[in-house]
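> all I have is the shape, not the residue letters:
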């Protein structure tokens, strides 16, 4: 069991150990943003064998936004573009492929429409190396022995944590602002907080999982050297049980095999099976194809447990995340991805509060947003796991169907495929969204400006910012707009400026409005604003905002000194021409504007949260209206009173 | 002066030193294909300062095909997407931007439509590391002292080379099959062979080149940290002279400044200028913008010399390439790219001859193909350099024109822009092509089959194979077809199989024809064919061919065991579905077929040379015709008699 705790702390103890993905992601973000971290882990080294993980498309975007994608891809991970479904063949003999399905079908506008499969240890080491660059080293094998959190006792560092080496004999006490438990399903912190786990379902299935190198004539597994595996993810239902096949790096194949189910007559949740029994089972299921193991790297048997933590925090000081909060079957490849998003969600909120930008109440949205995401995950997992474990009642037809969306209506009656299709948005990560609250605008939000959420916009507050290609004006490079601001903890203000000849005055008014001292922007000017290097690209004026201006014009027609007013021009590397054609909006002149559902002439302003989710959308108008709308939005969670209120003082 | 010689040799001397790009590329290819290399260089280490080089789009394709692109990109090179032209402003005061132009406009179907700018030393080290992986280490600083080549004296290793340490005292004699001189413009080997240089033009211009970090308000240079430079390539003509500005990595900027021209009254080709004089000159030219140097990394003055070697080889044993064969101005960024293609062209031909596949006469095509490419380069360079050095007679107007092709007719009368536009295909590398010979089919080729070069094909023998996207059937990955066969020295046979229900018999006949002992394919079966690992993807049967089958069908409808016959199915990882939409052929159902100009129903067969250039195209028909056409083609340069001739024996 992994045990990871992230602690922001005072004093000489400036170390921290990262366990699994959730703790590492949290520490990496906070260390990059200048926080002092102590991170411990009870394992002597990163994950060695076994745990392989699928990085979903949206998570790969995130990893790229952190500048870590090349390090992940250097391991030459397997890429799963399609999933093949096999069922008992119509002839009654063995199995046949029923249908194949895109992992991330084209109706999802993904940059990387595939799942990246890689050993978890490799992924952990990418984060650990980044932490080391920021002066954070891993303290392991250490464990947590106890903690208490009392604001009255110590207002600045209310969390006191006792740590010890796993072998005993060495102990340490740390005072910290926050404690984060990312220790996995058996979280000691969760137990000590007396937070319960709600189980959706009793344990229903026992599965075996086996990693190894195989020799097989099963058509959807093809191993070649050096270290490249051609393989689909396959889900096989047969008269003899079910199996799931997943590619791994280094020519390995992972098989998940169902060993027992609570619907069995002799059901016993502690049922187990030997390696040889599982292999024999796999051979029966894959008949008429043969399979032999040349090497088994790892083998384990586990029951599927589905649970969700009642709370993610009690006091906004001690937090839980990752498997400590939600357990579910690993087969949809969602565990690590959900853990990443838990950590990302908490990291920027801690930063916003600790840096004096946001009210402490903002931290309450961590539990509400992430618990609801976990509930969606369990809903999905429950349906997915159940269908996966079921024996299919009848063969579905042998012909390999098209993966195209419009051609698959005939398969809609197969519950499994229906669930799978409905779930693609969810599994890709693009479908994960947050409900209305102070961050995610809705008609119930305190910001009531009539400019909010202009008609036609395709952006949804709480959902991910839509991908688009634009040309960076300063060097004519074609770039991915959603990737242009690195994960720097800042809100990303995208000013879609429409046609410069139409919006010249509105853009000028917006820039002037930002500069007025009563604005959200000016209210959070950097204290060192006069000393900032002219090389600073993202945060020259405020650490909380990066401004991006997107003009609906050809790059070569844009002259920054003429077309981009005031403060906006200082973000010189964040001025873009919306002049790249996009197949999804083939008739648009300004494709990025069109994809966002913003008027190509009149533009609009989008506030994107530091984690890439849309906060609000407003019209871009002449006068103060647009800046006022943003002031109202930020007033809902910022520490300062903004806009009108300030001007009345 | 760099001195690099590549030698294929016998005996215990198994070392080799790589100098510049041409020698390194040659050695890297041959070392990978199993040849014993000795490579020496007279410099004590790789290029330190000064030489920065632009990797053109086609060269980046080549580097990717060698699996080295990630190593290049890890240096975060600058990418030049556009070139800005500046001229005297209409007001008569200072300069103004006249037009910007894409480096690689969209009418060129390039994967990477930009120039990659990187220090030559970084590029050299990428190759040196690859050589080390193949057991080749650099012997430096060593130089060549003399050589002789005599087939009668020593039929197996006719080249005897005397080497020595540059400091003297240590000497070595090597017996080799080939000697390659890539020692730069002052090649000792060329001089010893008594091969002359033809100068197109007397020396006409003296230029200064300066690398450094600058502070400037010139709008097309923008430096930001960390190590990212936003910059266009700029060509500035002013009343005070001309300047060219190029981005470098590490925030550096390179300036080329014209110091003197033979049209000057006081012209002297030995004219020089100090660093301070050049900086003063640059300041005048860039007025009204300011420029100051924070640091100068490297500064040099050189005359532009334009020359071409009369011969590239005398005996097909001792060869020259790179700057030893052609010198020209560095400003179009063609030197290294031309050197790469010299080396690639020679490498695969040496391999074909030494491995017993091709007649020794094939080596004669090295000089004919590459000398003609160098002549085109000099033609281009001559026009380009002349225009670049000219003072523009009158300002061309201030407005920044669109980079779009259709909107620039008004600039056609400006000679410089016209030349630049015409030359884009050439500078990108996609326009380099070879004339008709035994490798590049034409109606004069000995292969006279009526199936040759079917009507409508857009592929031209001697030109680069057109890029296309397809889906690899075995794992549903979307791939770049032209990149699928690595640079392995094999001919790439692309069987565009059209619609499987139409071509089923033709495909079967083609597969059967390949297997017939009289075929080009079977005649060059691997001697170890029975012992080849089932992991071998590219050369399971023959070291000289990799077969790729592209079906005009959706991936999910393809069942390899049913749709791909015989020997073609063994190349399991090289079976593709032509089901990816392409903007260039928006109405095609099978875009790759359509881009090649092959019938989407009936298909066709394309032979691509090991260096990526098209050799021939034939119709795919039922019966033996298609294989016969390929037999005729290969008979023109292969060591064995193929096809009908063999069957009559």
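Cool, the structure landed. Bear in mind that the values here come from a model prediction, so they are computed numbers and not experimental data.
> check which helix or strand covers the nearest residue to residue A:130 once chain neighbours are set aside.
The shortest distance from residue A:130 to any non-neighbouring residue, by Cβ to Cβ, 6 or more residues apart in numbering or on different chains, is to residue A:28 (5.4 Å). For every residue, glycine as well, the C-beta is placed using N, CA and C. Here residue A:28, judged by DSSP states H and E, is contained in helix A:21-32.
> for the record, mean pLDDT for that helix?
Helix A:21-32 shows a mean pLDDT of 93.
> show me what that helix is packed up against.
Applying 3 or more Cβ pairs under 8 Å, 6 or more residues apart in numbering or on different chains; DSSP states H and E, we find helix A:21-32 packed against strand A:4-9, strand A:37-41, helix A:120-133, helix A:335-354.
> please enumerate the strands of the stretch 301-450 of chain A.
Applying DSSP state E, counting those that start in this stretch to the stretch 301-450 of chain A gives strands spanning A:307-309, A:318-320, A:326-327.
> closest to chain B out of these?
Proximity to chain B (Cβ to the nearest Cβ) singles out strand A:326-327 among the strands of the stretch 301-450 of chain A, at 30.3 Å.
> flag the shaky bits of the stretch 351-500 of chain A, pLDDT-wise.
A:385-422 (pLDDT under 70).
> kindly report the same for chain A.
Low-confidence segments of chain A, defined by pLDDT under 70, span residues A:1-19, A:49-52, A:201-204, A:222-231, A:249, A:269, A:304, A:331, A:385-422, A:644-649.
> show me it divided up by domain.
A:78-117+A:202-304, A:463-635 (the TED database).
> just name the most buried of these.
For the domains of chain A, the largest average neighbour count (mean count of other Cβ atoms under 10 Å in any protein chain shown) is found in domain A:463-635, namely a mean of 21.
> okay, now residue A:146: neighbour count?
Other residues lying near residue A:146 total 13 when counted by other Cβ atoms under 10 Å in any protein chain shown.
> residues touching it, list them.
A:161, A:162, A:192 (Cβ atoms under 8 Å, 6 or more residues apart in numbering or on different chains).
> CSV for those, including distance to chain B and neighbour count?
As requested, the contacts of residue A:146 are exported to CSV (distance: Cβ to the nearest Cβ, whole Å; neighbours: other Cβ atoms under 10 Å in any protein chain shown):
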residue, distance to chain B, neighbour count
A:161, 35, 24
A:162, 40, 13
A:192, 43, 14
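> one step back: between the domains of chain A, which one is closest to residue B:470.
Among these, the nearest to residue B:470 by Cβ to Cβ is domain A:78-117+A:202-304 (12.7 Å).
> run the chain-centre distance for that closest one.
25 Å (Cα atoms, centre = their mean, to the nearest Å).
> so what does the helix or strand harbouring residue A:190 touch, helix or strand wise?
Here residue A:190 sits within helix A:188-192, counting by DSSP H and E. Contacts defined by 3+ Cβ pairs under 8 Å, 6+ apart place helix A:188-192 against strand A:142-149, strand A:171-181, strand A:318-320.
> which one of those strands is the most hemmed in?
Neighbour counts (mean count of other Cβ under 10 Å) averaged over each of those peak at strand A:318-320, with a mean of 27.
> contacts for that strand, please.
Contacts for strand A:318-320 (Cβ under 8 Å, 6+ apart): A:147, A:149, A:159, A:178-182, A:187, A:189-190, A:193, A:195, A:309, A:311-313, A:346, A:366.
> which residues in the stretch 451-600 of chain A form helices?
A:500-515, A:520-523, A:560-563, A:566-570, A:591-596 (DSSP state H, counting those that start in this stretch).
> out of these, nearest to residue B:302?
helix A:560-563 (35.5 Å).
> elements contacting that closest one?
Taking 3+ Cβ pairs under 8 Å, 6+ apart as the contact cut, helix A:560-563 packs with no helix or strand.
> for the closest residue in space to residue A:490 that isn't next to it in sequence, name its beta-bridge partners.
Among residues not flanking residue A:490 along the chain, residue A:546 sits closest, at 4.7 Å (Cβ to Cβ, 6+ apart). Beta-bridge partners recorded for residue A:546 (DSSP bridges): residue A:492.
> that older thread, quick one: distance of the helix holding residue A:190 to the chain centre.
Centroid separation for helix A:188-192 versus its chain: 25 Å, with Cα atoms, centre = their mean.
> export the contacts of residue A:146 to JSON lines and append columns for distance to residue A:525.
Output for the contacts of residue A:146, formatted as JSON lines (distance: Cβ to Cβ, whole Å):
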{"residue": "A:161", "distance to residue A:525": "36"}
{"residue": "A:162", "distance to residue A:525": "41"}
{"residue": "A:192", "distance to residue A:525": "42"}
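> what is the burial count for residue A:150?
With other Cβ under 10 Å as criterion, residue A:150 counts 12.
> distance of it from residue A:194?
16 Å (Cβ to Cβ, to the nearest Å).
> and the angle from the helix ranked longest in chain A to helix A:335-354?
Counting residues, the longest helix found in chain A (DSSP state H) is helix A:364-389. Calculated by axes from the mean of the first three to the mean of the last three Cα atoms, to 10 degrees, helix A:364-389 forms an angle of 180 degrees with helix A:335-354.
> residues contacting the residue nearest to residue A:130?
Taking Cβ under 8 Å, 6+ apart as the test, what residue A:28 contacts is A:18, A:66, A:127, A:130, A:131, A:134.
> dump the strands of the stretch 301-450 of chain A to a markdown table, plus distance to residue B:295.
What follows is the strands of the stretch 301-450 of chain A, written out as a markdown table (distance: least, Cβ to Cβ, whole Å):
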| stretch | distance to residue B:295 |
| --- | --- |
| strand A:307-309 | 56 |
| strand A:318-320 | 48 |
| strand A:326-327 | 54 |
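> about what we covered before: which strands and helices sit next to the longest helix of chain A?
strand A:241-247, strand A:307-309, strand A:326-327, helix A:335-354, helix A:415-428.
> turn the ones you listed into a markdown table, columns for distance to residue A:452.
Formatted as a markdown table, the helices and strands packed on helix A:364-389 follow (distance: least, Cβ to Cβ, whole Å):
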| stretch | distance to residue A:452 |
| --- | --- |
| strand A:241-247 | 44 |
| strand A:307-309 | 33 |
| strand A:326-327 | 33 |
| helix A:335-354 | 22 |
| helix A:415-428 | 25 |
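> so which of those gets nearest chain B?
Nearest of the helices and strands packed on helix A:364-389 (Cβ to the nearest Cβ): strand A:241-247, 7.9 Å.
> got the contact list for whichever helix or strand comes after the closest one?
Using DSSP H and E, the helix or strand that follows strand A:241-247 towards the C-terminus is strand A:253-261. Strand A:253-261 is contacted by residues A:52, A:204-214, A:221, A:223, A:229, A:231, A:241-248, A:267-268, A:271-273, A:278, A:281-282, A:285, A:301, A:330-331, A:389 when judged by Cβ under 8 Å, 6+ apart.
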